[in-house]
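J.: Below is the sequence, then the predicted model.
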Amino acid sequence: MPVPAGPEIRLCTDSMAQPDSRPRCVSVIIPLYNEAATLPRVVETVLAQPSVAQVVIVDDCSTDGSHAVAAALSDPRILVLRHERNAGKGAAVRTGMGRATAEIVLIQDADLEYDPADYGRLIQPILHNHADVVFGSRFIGSEAHRVLYFWHSLGNTLLTLLSNMVTNLNLTDMECCYKVFRREVVAKFQIEENRFGLEPEITAKVARLGVRIYEVGVSYYGRTYAEGKKIGWKDGVRALVAIAKYGFRR
């Protein structure tokens, strides 16, 4: 089934105006898989952010009615796409990036773990022309974060350390969902990973580009597995493979 074209989006100007006076300039990519219960609230909060020009929801063949929920959302800024077969978060982000039209591209999960109210903080280094890419971090700053699993935290720390060793970056939270890009940076790399290996892949590829990378503290309201958390040990193994695959690629 052909996908309808997305709306035309006005881009940010290159002026040094204050961020609040700029036009809407962020395309938000939301990879979606079985998040019918949380999607409306997430999208409502995303659309409430003054910087948001476009929301690209990519339903990765959900089975819980998420696509119908997404299709029922009413706002001209929303573009809903659907994979006919489940392919993974990386594939959904790749599809969404291909349809992003605003000057800044931001990745947002469809659950309630990350707060779109942090967008202003995340895009500020780009708007002030200090950064080309901004990573969120759950481990710096004083923002609220839910206390959950020790072994998950340890695994994340290890993956970030290994990623830093091969990319020569000093990130504190490589696995954080929030990654923000100037659109011209997105055009310089292609996501190959279909699932959760996309985080180290993206990190390695933007590091190789030599662009300016900043890190900003964000809040985090993590979920338990009973509340719908999906990532597991197999995703950690794939992340290790991706760190080696893309970190050492020349």
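T.: Now that the structure is in, tell me what you want to look at. Numbers count the residues shown, from 1 in each chain.

J.: Do a quick rundown of the helices in the protein.
T.: Residue ranges of the helices in the chain, as given by DSSP state H, are 39-47, 66-71, 89-97, 119-127, 150-167, 183-186, 198-209, 233-247.

J.: which residues touch the second one?
T.: The contact list for helix 66-71 (C-beta atoms under 8 Å, 6 or more residues apart in numbering) reads 32-36, 39-40, 43, 57, 59, 78, 80, 82, 110. The way it works is simple: take the backbone N, C-alpha and C, and place the C-beta from them, glycine included.

J.: quick one: the residue nearest the centre of the chain and residue 151, what's the gap?
T.: To find the centre residue of the chain, average its C-alpha atoms and take the closest one (C-alpha atoms, centre = their mean): that gives residue 107, at 2.1 Å. Distance of residue 107 to residue 151, computed by C-beta to C-beta, to the nearest Å: 25 Å.

J.: Filter the contacts of helix 66-71 down to the buried ones, PyMOL style.
T.: The command below creates a PyMOL selection of those among the contacts of helix 66-71 that count as buried (16 or more other C-beta atoms under 10 Å):
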select buried, resi 32+33+34+35+36+39+43+57+59+78+80+82+110
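
J.: So which of the contacts of helix 66-71 sit within strands?
T.: Per DSSP state E, strands hold the following members of the contacts of helix 66-71: 32, 57, 59, 78, 80, 82.

J.: sorry, back to before: quick one, grab the pLDDT at the residue nearest to the centre of the chain.
T.: The pLDDT attached to residue 107 in the predicted structure is 98.

J.: pretty sure it contacts residue 186?
T.: No - the pair residue 107 and residue 186 fails to qualify as a contact (C-beta atoms under 8 Å) at a distance of 10.4 Å.

J.: Residues that sit against both of these two, list them.
T.: What both residue 107 and residue 186 touch, as defined by C-beta under 8 Å, 6+ apart, is an empty set.
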